[in-house]
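>>> Can you look at this prediction? I've put the sequence above it.
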Amino acid sequence: MTRAESLAVVGDLRRARRKQRVAAIHWVDAMYQVYITGVVAVIALLTLSSLIGDEKVGAATVADLRDRGPAALGCLAAAAVFLGLRSGSRGGPLALERADVRHVLLSPVDRGVALRGPAYRQLRFLAFVAIAVGAGVGQLALRRLPGNAALWMVAGALYGLVLVGLHYGSALLASGLKAPRWLATLLGGVVLLWSVLDALRSIDALPASPATALGHLPLWPLGFEPAWLVGPVLAAGAVVAGLALVAGTSLEAAEHRTSLVGQLRFAVTLQDLRTVLVLRRQLAQERPRARPWVPALRRGRARFPVFQRGVRSVMRWPVGRVVRVVVLAAVAGFALRGVWQGTTPLLAVAGLLLWVAALDAAEPLGQEVDHPGRTDAFPIERGVLFLQHLPLVAVVSTITGLVAAGVAAAPFATPVPVGVAVVTGIAAGLLAGCGAVVSVIQGAPDAVDVMAISTPEIAGTRTVIRTAWPPALAVLGTLPILAGRAAELGAGDPPPVEAAGRVLGALLVVVVVFGGWVRFRDAVHEAMRQAVEGMSPSRAVERMAEERRAAEAREAEALAGSRRLAGLDGDEDGDGDDVGPPEPRRPKGAPRPTKAKPRPAEPRHGVQGGTSAKPIGRKRDQR
Amino acid sequence: MTAPAIEATGLTKAYDELVALKPLDLTVPAGQSLALIGHNGSGKSTFLRIVAGLLERTGGDLEVAGFDLTDVEARATTSYLPDDPVLYDDLSLREHCEYISRLHGGDGFDGYALDMCERLGLADRIDDLPARFSRGLRQKSAIVLALARPFSLLLVDEPFVGLDQPGKLVLLDLLDEVHRDGAATVVATHDPAYVDRVDRSIALRDGEVVFDGRASVDEVMALVGG
């Protein structure tokens, strides 16, 4: 089939399907979503603007930004390339329909034609988001930095486009060239590591990373050189080359990816973090090791089977997961160093990273939550079972926190004092573990939830709380470093370690309370459900009706008792019409009492001409 | 001389440490009907999916009708009927037939497709969306789609799963007709009765060929552990 024929056939299908999809869109819902997105974006931008403030930075800061900013911003470009290469080596960035893989890509049409359409659409959306976010960040930058206001927004938008182009283009290239995963990880990893080392300036002899050249672009308002336009040219080149090679995409990887991405998006819309995690692992083909790191743990009878089950799970962590957790912990450690040096908002970054790392520690618990039928079959309560999983989560997440502490206290530049770092690492690890456990246990919102059908304000607030409190717990765990820093600045009374230790003590109480929440969560939820049902207006009406019926029944019984005592009970005249107290009036809405079915008459003795209740013979013979 | 429908030389497939297909040398002449039998996990579906182009081979060479698997001609030649029907949710059965026929250079929904729909009991459902179909009806739809296009090699994976008895009989007839029309058929099945209808049977065990020839039902039962 020629390219033109392929275009015609595939184009016809796309048009027909688009027509059906457009017909199925609920426009009011769609407009409401746009409205909500716009409102949230404006609120976020205003909040961030107020946090950043309007005070212009000094000349020294601007000089520092000119000096170190490009390398730091270049890390973003390197990360975009790294993630793109990784995604492409796993069949990304396209997420096709499975039917498209089976019917279109297996047919003799030009695969480039079939794949470029979805690629253009995806790229268009990403470019739009990148421009919006980039311009938004530029708007934040212009509040405190000198330079043309419009130029900051243009530079931000342009850099957003460059990042998307680099990410998407490198993903398409890796996919089209069928780059093996190890090669993609190696190439991207080298670029990223180079950029990070460049930004940290930890090795004097290291030449500047190529990504640093791209990092000049967003700082354009502080000064411009035409060479900085290499970024947009490189990104555009990557996209064009990727689109040219897209026909080489592996069908095996595409088909593997296609169903998972759909489920992943659905899980994200449900805020079901656990499902997102599991699907992401499948997408990354991250499977547990066939052989545990320590084989001896495979045998033996344990006193604590739940804990041992968890240890076995951790011992099967693949290399990729171990590396990810260590990297997350290391970056959290750098964030803690930043906090110690005075950048308090980095506290949130450290907490969030440790929380993400702790989600892996909660995997054995997640396996139990994923299979409620199996846990219900165990002869112990779910709360007790979940509680027995917590020690392992605590151990693993505390070790992760200590890795972060090690990086924070590493003796270069301005380290965090060892004591404060260790105390913060323990607290941050533990609380991050608690946050991860909450994320795993609470799962997706219930399909039928009394609160969810309440007013949007209540449901929305509840959704925000559900989403925010697990990472908030993790951020809470990093507070000891703030106490330590305050003590350090306050001339050492109490000493920083002691100040941090006091906060740790308070946080340990939170951990104990959290254990109680895990143990009694089911019971508390059941009690809350009953309470909410009790508050329901329709339920209240039903309850009142039931109480009224019960009162009337009691009254009738009392009246019958009085009649019996007065000797008025029974049929005095024997005519059968005096049969006790009158039947209470049926309240409106109450169920109609069922009448007793008439019983068949007792058979009389003697010959009756057969046992059949039906007349013998045909009807016409009986006339 | 007509090129073989399938010519595999040293074909292998491995998933990390798991070897699904050990080096496999296999030639399926054009027009031959072949049954692929074996235990669960023996490599039948893997082989079919590699030949269909859905799986990447780890090693070896593979040609379909004399073309390399990456060639468009190989795709034009091969029709694959999977064990899990994959259909668009927003296209009716008629629209599916029309679209797939056009993708293969046909004119759209033709009399042959209509005839197959009637034989498989789908005539009343042609304009319905397959999303509302039962498993069996979806399987029948997939059969129609696999056959309503030109091909010279038909790959079928566990075709009888989910089919009722009349549907199964119709499918057996259709496979015979396809074979009579000159197409090669490779059917992976656990149904021992099917081997009586084919020219050749190949049994796989743990990714290796353990039998190649004409097999009796008893031999098949022994091979698949029935």
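Right, received. Where do you want to start? Numbering: from 1, shown residues only, chains lettered A, B, ... in the order given.
>>> Spatially central residue in chain B, please.
With the centre of chain B defined as its mean C-alpha position, the nearest residue by C-alpha atoms, centre = their mean is residue B:156, 1.7 Å away.
>>> a strand runs through it, doesn't it?
Yes: in this structure, residue B:156 lies within a strand as judged by DSSP: H, G, I helix; E, B strand; the rest coil.
>>> What distance do you get for it to residue B:31?
According to C-beta to C-beta, to the nearest Å, residue B:156 stands 16 Å off from residue B:31. Where C-beta positions appear, they are placed from N, C-alpha and C, glycine not excepted.
>>> quick one: contacts for residue 160?
Unless you meant another one, I'm taking chain A. Neighbouring residues of residue A:160 by C-beta atoms under 8 Å, 6 or more residues apart in numbering or on different chains: A:130-135, A:137.
>>> hmm, I had chain B in mind actually
Counting by C-beta under 8 Å, 6+ apart, residue B:160 touches B:168, B:171, B:189, B:191.
>>> Mind doing that once more with 10 Å?
Under the criterion of C-beta atoms under 10 Å, 6 or more residues apart in numbering or on different chains, the neighbours of residue B:160 are B:83, B:139, B:167-168, B:171-172, B:187, B:189-191, B:193-194.
>>> Which among those residues count as buried?
For the contacts of residue B:160, burial is judged from neighbour counts taken by 16 or more other C-beta atoms under 10 Å in any protein chain shown, and it is met by B:83, B:139, B:167-168, B:171-172, B:187, B:189-191, B:194.
>>> and the residues you listed as CSV, adding secondary structure and distance to residue A:383?
As requested, those are exported to CSV (DSSP: H, G, I helix; E, B strand; the rest coil; distance: C-beta to C-beta, whole Å):
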residue, secondary structure, distance to residue A:383
B:83, coil, 42
B:139, helix, 45
B:167, helix, 50
B:168, helix, 51
B:171, helix, 52
B:172, helix, 56
B:187, strand, 53
B:189, coil, 49
B:190, coil, 45
B:191, coil, 49
B:194, helix, 53
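>>> Out of the residues you listed, the closest to chain A would be?
Using C-beta to the nearest C-beta, residue B:83 is the member of those that sits closest to chain A, with 12.3 Å.
>>> Could you verify my assumption that that closest one touches residue B:188?
Yes: taking contacts as C-beta atoms under 10 Å, residue B:83 lies within contact range of residue B:188: 8.2 Å.
>>> can you list residues touching both of the two?
Looking at what touches both residue B:83 and residue B:188 (by C-beta under 10 Å, 6+ apart), the common residues are B:45, B:48, B:156-159.
>>> Helices along chain B, start to end?
Across chain B, reading from the start of the chain, the helices by DSSP state H fall at B:44-52, B:72-77, B:93-103, B:111-119, B:135-147, B:165-180, B:217-224.
>>> Quick check: residue A:377 vs chain B, distance?
27 Å (C-beta to the nearest C-beta, to the nearest Å).
>>> doesn't residue A:79 fall inside a strand?
No: Residue A:79: not assigned to a strand; according to three-state DSSP it is helix.
>>> where's the closest residue to residue A:213 other than its chain neighbours relative to chain B, distance?
Once flanking residues are discounted, residue A:213 sits nearest to residue A:230: 6.1 Å by C-beta to C-beta, 6 or more residues apart in numbering or on different chains. With distances taken as C-beta to the nearest C-beta, residue A:230 is found 35 Å from chain B.
>>> unless I'm mixing things up, residue A:230 is touching residue A:211, no?
No: using C-beta under 10 Å as the test, residue A:230 is too far from residue A:211 to be in contact (11.1 Å).
>>> Just list the residues touching residue B:112, thanks.
Contacts of residue B:112 were listed using C-beta under 10 Å, 6+ apart, and they are B:97, B:101, B:106, B:144, B:147-149.
>>> Show me the subset of those that also lies near chain A.
Among the contacts of residue B:112, the ones lying close to chain A by the criterion of C-beta under 10 Å from any C-beta of the partner chain are B:101, B:149.
>>> can you name the two of the contacts of residue B:112 that are farthest apart?
Farthest apart among those by C-beta to C-beta are B:106 and B:144. That separation is 13.3 Å.
>>> Give the residue from those two that has the larger number of neighbours.
residue B:144 (24 against 17; other C-beta atoms under 10 Å in any protein chain shown).
>>> my guess is that one contacts residue B:79, does it?
No: with contacts counted by C-beta under 10 Å, residue B:144 stays clear of residue B:79, the gap being 11.5 Å.
>>> so what sits against both of these two?
Common neighbours of residue B:144 and residue B:79, using C-beta under 10 Å, 6+ apart, are residue B:100.
>>> possible to save the helices of chain B as JSON lines with mean pLDDT?
Below are the helices of chain B laid out as JSON lines (pLDDT from 0 to 100):
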{"stretch": "helix B:44-52", "mean pLDDT": "93"}
{"stretch": "helix B:72-77", "mean pLDDT": "88"}
{"stretch": "helix B:93-103", "mean pLDDT": "86"}
{"stretch": "helix B:111-119", "mean pLDDT": "87"}
{"stretch": "helix B:135-147", "mean pLDDT": "91"}
{"stretch": "helix B:165-180", "mean pLDDT": "90"}
{"stretch": "helix B:217-224", "mean pLDDT": "74"}
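>>> and the nearest residue to residue A:342 once chain neighbours are set aside, how many neighbours does it have?
With C-beta to C-beta, 6+ apart as the criterion, residue A:342 has its nearest non-adjacent residue at 8.0 Å, and that residue is residue A:485. Applying other C-beta under 10 Å, we find 21 residues neighbouring residue A:485.
>>> Then residue A:485 would be within a helix, right?
Yes: looking at residue A:485 with three-state DSSP, it is inside a helix.
>>> which helix is the longest one in chain A?
With DSSP H as the criterion, chain A gives helix A:496-535 as its longest helix.
>>> what residues does the stretch 201-350 of chain A put near chain B?
That would be A:247-248, A:250-256, A:258-259, A:285, A:287, A:290-291, which are the residues of the stretch 201-350 of chain A within reach of chain B (C-beta under 10 Å from any C-beta).
>>> Show me which of these are buried.
Burial by neighbour count, 16+ other C-beta under 10 Å: within these this picks out A:247-248, A:250-256, A:258-259.
>>> Residue B:3 - how many residues pack around it?
Counted by other C-beta under 10 Å, the residues lying close to residue B:3 total 15.
>>> quick one: contacts for it?
Residues counted as contacts of residue B:3 (C-beta under 10 Å, 6+ apart) are B:29-30, B:63-67, B:77, B:152.
>>> filter the residues you listed down to the ones close to chain A.
Applying C-beta under 10 Å from any C-beta to the contacts of residue B:3, one finds that residue B:77 fall near chain A.
>>> The contacts of residue B:3: which two are farthest apart?
By the measure C-beta to C-beta, B:29 and B:67 form the most distant pair in the contacts of residue B:3, at 15.8 Å.
>>> Check what pLDDT the closest residue to chain B within the stretch 151-300 of chain A gets.
Residue nearest to chain B within the stretch 151-300 of chain A (C-beta to the nearest C-beta): residue A:252, separated by 4.9 Å. Each residue has a pLDDT score; the one for residue A:252 is 86.
>>> and it, what does it touch?
By C-beta under 10 Å, 6+ apart, the contact set of residue A:252 is A:91, A:101, A:178, B:13, B:49-50, B:53-57.
>>> Since that was my last question, I'll sign off now.
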